[in-house]
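Student: can't give you the sequence, but here's the structure:
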């Protein structure tokens with residue numbers, strides 16, 4: 001087989017299957033990715049697969065399976081092929097193919113027996129920060145690469161109860177602590193629109209796998225933008241609920257104040273469907289709306305357009321005009337000259353101060369067989385250096401208890417007051433570019449130029465952190481492609497607790513903005 005790329009795939013425990021290490025030949029476009037874990041290998045009958053099945057979204061797949069138009073097994077087969085062919089993206093750490101196909105066959109039997117579940121037979125990716133029963137969960141680390149939980153995170157349990165299949169565990173930044181998608185143990189995740197560019201993080205594999213049509217949706221996590229940033233850079237939809245709407249039980253934490261679980265998908269309909277399953281919210285009417293009449297949309301150019309690339313600003317203003325032409329009332333607001341400083345001080349202090357105690361408590365409560373110090377010692381140099389600098393009391397960037405209490409009790413409430421008084425008392429929603437630039441190059445991911453200035457990768461969260469600190473729900477929508485073919489993202493936020501209204505509005509905005517072309521070679 002001279003044309004094949006022979007990739008070493010480490011075979012581990014996947015459910016009840018226990019296999020030795022093998023060398024599996026995979027036909028691959030481009031070069032082989034780094035070592036990944038694919039357990040319980042099986043023979044794929046490509047002829048039985050729906051050749052266009054990888055293009056189907058969650059709602060479309062569930063409806064087609066329910067009506068008997070496709071089988072769950074054939075659809076899962078198609079996606080497994082898609083994962084194999086695109087292994088060089090490093091979007092997954094673990095896929096148990098045998099378990100996926102067994103679950104798909106069980107879904108087909110359940111459908112034949114008359115079961116009617118909202119996600120029956122639909123494969124969903126899961127960020128490897130979520131615990132998954134009988135499926136290795138590394139949290140992006142090397143020290144936990146062989147850890148196999150005995151229980152699911154509650155969100156995973158919810159989607160399984162609704163009939164979904166856990167397709168595999170998505171790659172991520174170690175312990176979800178980064179914004180670019182770099183992982184020294186499991187590989188740098190690559191952007192399907194251009195493999196030389198980053199995906200964003202920390203839900204890097206989720207963004208890449210949804211954009212590459214490997215899965216129709218993936219569960220992610222968001223503390224300062226870890227769903228919305230990769231959604232924007234990979235041209236997919238990323239929904240961050242109001243904190244507490246989706247459970248974080250069984251998911252590796254960073255900050256109990258800022259964390260939320262959520263989802264990346266290819267359209268808003270699928271976010272609505274998954275939100276209904278996980279949050280138990282009333283079902284929404286899914287479908288396009290003709291206009292935006294009667295809706296008020298705020299934008300804050302002094303805060304959210306400051307320091308962004310000119311092409312990002314031009315694209316945003318064009319899309320804002322399109323929304324205005326569709327009937328929306330555009331309201332310009334000003335959140336204050338110190339808004340950026342206030343938001344960054346509050347967010348990053350809370351983020352850093354809460355991480356160490358949150359992880360220590362999580363490891364203890366979940367019975368995970370390592371300590372915080374074990375994880376720290378085995379981190380890659382970039383994340384380890386950051387942890388030693390800001391998480392440890394001996395670090396030069398460590399925040400005092402007084403500084404933490406000050407931002408928690410003064411700065412954060414002030415940010416929330418401004419959001420309510422200056423934005424949501426005057427408008428229904430807030431809109432802005434999700435990221436200040438399109439996806440940076442992998443080779444310059446730590447330092448690059450935005451708006452004519454050299455910046456660090458933290459700039460990718462510049463526009464997403466206000467919603468994180470303020471406890472707002474937010475959703476990033478694809479908003480076209482740059483001259484170089486990289487996606488733009490536009491984020492919409494609403495007041496806390498208005499998730500259903502936000503999703504319904506986002507569906508209307510999506511219909512006005514129109515579709516974005518898939519990555520080259522992935523349609």
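Tutor: Cool, got the structure. Remember, it's a predicted structure, so these values are computed and weren't measured experimentally.
Student: Tell me where the model's unsure across the stretch 251-400 of the chain.
Tutor: 282-290 (pLDDT under 70).
Student: can you point me to the longest helix in this protein?
Tutor: helix 339-365 (DSSP state H).
Student: May I see the buried residues of it?
Tutor: By neighbour count on 16 or more other CB atoms under 10 Å, the buried set for helix 339-365 is 339-340, 342-356, 358-359, 362-363. For the C-beta atoms, the positions are set from N, CA and C on the backbone; glycine is no exception.
Student: any residues touching the helix or strand just after it, and which ones?
Tutor: Under the assignment DSSP states H and E, the closest C-terminal helix or strand after helix 339-365 is helix 372-377. Residues outside helix 372-377 that contact it (CB atoms under 8 Å, 6 or more residues apart in numbering): 139, 141, 143-144, 175, 356, 359-360, 363, 384, 387-388.
Student: cutoff 10 Å now
Tutor: 139, 141-144, 174-175, 252, 355-364, 368, 370-371, 383-384, 387-388, 391-392 (CB atoms under 10 Å, 6 or more residues apart in numbering).
Student: Following that helix in sequence, what is the next regular element?
Tutor: helix 381-390.
Student: Identify the residues contacting that following helix?
Tutor: Here helix 381-390 has contacts from 140-141, 173-175, 177-178, 180, 182-184, 348-349, 351-353, 355-356, 359, 372, 375-379, 394-399, 446, 457, using CB under 10 Å, 6+ apart.
Student: Over to stretch 409-426?
Tutor: Against stretch 409-426 from outside (CB under 10 Å, 6+ apart): 257-258, 296, 298-300, 303, 331-336, 338-339, 341-347, 349-350, 406-407, 429-430, 465-467, 469-472, 493-496, 498.
Student: which among those residues end up buried?
Tutor: Judged by 16+ other CB under 10 Å, buried ones among the contacts of stretch 409-426: 257-258, 298-300, 303, 331, 333, 335, 339, 342-347, 349-350, 406-407, 429-430, 465-467, 469-472, 493-496, 498.
Student: Identify the residue nearest the geometric centre of the chain.
Tutor: residue 227 (3.5 Å; CA atoms, centre = their mean).
Student: show me what contacts it?
Tutor: Counting by CB under 10 Å, 6+ apart, residue 227 has contacts 127, 200, 202-203, 206-207, 218-221, 237-241, 260-264, 464, 474-476.
Student: circling back: among the contacts of stretch 409-426, which ones are in helices?
Tutor: 303, 339, 341-347, 349-350, 406, 465-467, 469-470.
Student: Counting neighbours, what do you get for residue 484?
Tutor: 11 (other CB atoms under 10 Å).
Student: Just the pLDDT at it, thanks.
Tutor: Listed pLDDT for residue 484 reads 98.
Student: Next up, the contacts around it.
Tutor: 193-194, 197, 311, 438-439.
Student: Out of those, list just those in helices.
Tutor: residue 311.
Student: of the contacts of residue 484, buried ones?
Tutor: Applying 16+ other CB under 10 Å to the contacts of residue 484 flags 193-194, 197, 438-439 as buried.
Student: my guess is residue 78 meets residue 213, correct?
Tutor: Yes - at 9.5 Å, residue 78 counts as touching residue 213 under the criterion of CB atoms under 10 Å.
Student: So for the two, which sits in the more crowded spot?
Tutor: A count of neighbours by other CB under 10 Å puts residue 78 above the other of residue 78 and residue 213, at 25 against 22.
Student: just the buried ones among the contacts of residue 484 now: which is nearest residue 270?
Tutor: The shortest approach to residue 270 among those belongs to residue 193, at 20.0 Å (CB to CB).
Student: quick one: the closest one and residue 451, what's the gap?
Tutor: 21 Å (CB to CB, to the nearest Å).
Student: that older thread, in helices, which of the contacts of residue 227 appear?
Tutor: Using DSSP H, those in helices are 206-207.
Student: pretty sure residue 344 is touching residue 462, no?
Tutor: Yes - with contact defined as CB under 10 Å, residue 344 reaches residue 462; the gap is 8.3 Å.
Student: shared neighbours, the two?
Tutor: Contact with both residue 344 and residue 462 is made by no residue, according to CB under 10 Å, 6+ apart.
Student: Model confidence for residue 55, exactly?
Tutor: 80.
Student: helix/strand/coil for residue 141?
Tutor: Assigned state for residue 141: coil (three-state reduction, DSSP: H, G, I helix; E, B strand; the rest coil).
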